[in-house]
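**Student:** here are the coordinates; sequence isn't available:
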């Protein structure tokens with residue numbers, strides 16, 4: 001029952017999140033998975049390492065595939081190169097059983113994650129301020 005409640009909560013978070021918050025959540029997920037990769041390598045758990053690395057690769061691929069190269073300018077071009085590099089390093093995780101490769105990708109993802117969280121928080125504050133300033137709806141009185 002607890003798992004079902006947590007899945008419902010996660011679904012509610014996803015459905016109500018702003019685009020910036022969704023991207024921040026993807027970065028959180030990738031870093032969490034790569035932290036699991038490092039732990040699995042340190043504990044000689046090859047299967048868990050592979051599963052977590054595969055999922056992290058999927059998250060980074062999704063981020064890469066959703067880049068808007070036409071409107072993103074230099075930022076998108078830089079992220080395009082960075083995501084490609086990250087994916088090469090994630091191959092090294094599996095081929096070489098390299099915790100350092102996973103840590104390197106975490107170090108690259110972390111400042112991006114922080115930036116997206118800052119943007120999402122600013123967007124949330126702006127939205128809350130807009131909602132506070134909105135005129136209240138009509139008041140109805142019942143006899």
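**Tutor:** Noted; the coordinates are in hand. In this text, all values refer to a predicted model and were calculated from it rather than measured experimentally. Numbers count the residues shown, from 1 in each chain.
**Student:** distance check, the most centrally placed residue in the chain against residue 95.
**Tutor:** Compute the mean C-alpha point of the chain, and by C-alpha atoms, centre = their mean the closest residue is residue 26, 1.5 Å away. Residue 26 sits 25 Å away from residue 95, going by C-beta to C-beta, to the nearest Å. No exception for glycine: its C-beta is placed from N, CA and C like everyone else's.
**Student:** kindly report the same for residue 73.
**Tutor:** With C-beta to C-beta as the criterion, residue 73 and residue 95 are 34 Å apart.
**Student:** what of residue 108?
**Tutor:** From residue 108 to residue 95 the distance is 19 Å (C-beta to C-beta).
**Student:** of these two, who's got more company?
**Tutor:** residue 108 (16 against 9; other C-beta atoms under 10 Å).
**Student:** got the contact list for that one?
**Tutor:** Residue 108 sits next to 82, 85, 86 when contact means C-beta atoms under 8 Å, 6 or more residues apart in numbering.
**Student:** the longest helix along the chain - what's its average pLDDT?
**Tutor:** If you go by DSSP state H, the chain has its longest helix at helix 99-133. Per-residue pLDDT values over helix 99-133 give a mean of 88.
**Student:** if any of the contacts of residue 108 are buried, put those into a PyMOL selection.
**Tutor:** Selecting the buried subset of the contacts of residue 108 in PyMOL, with 16 or more other C-beta atoms under 10 Å as the burial test, is done by:
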select buried, resi 82+86
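**Student:** wait, residue 48 touches residue 40, no?
**Tutor:** Yes - Residue 48 is in contact with residue 40 according to C-beta atoms under 8 Å; the separation is 4.0 Å.
**Student:** okay, those two: which has more neighbours?
**Tutor:** residue 40 (22 against 15).
**Student:** quick one: that one from residue 56, how far?
**Tutor:** Separation of residue 40 from residue 56 (C-beta to C-beta) stands at 11 Å.
**Student:** in the chain, where is pLDDT below threshold?
**Tutor:** Scanning the chain with the threshold set as pLDDT under 70 gives 1, 5-16, 128, 131-143.
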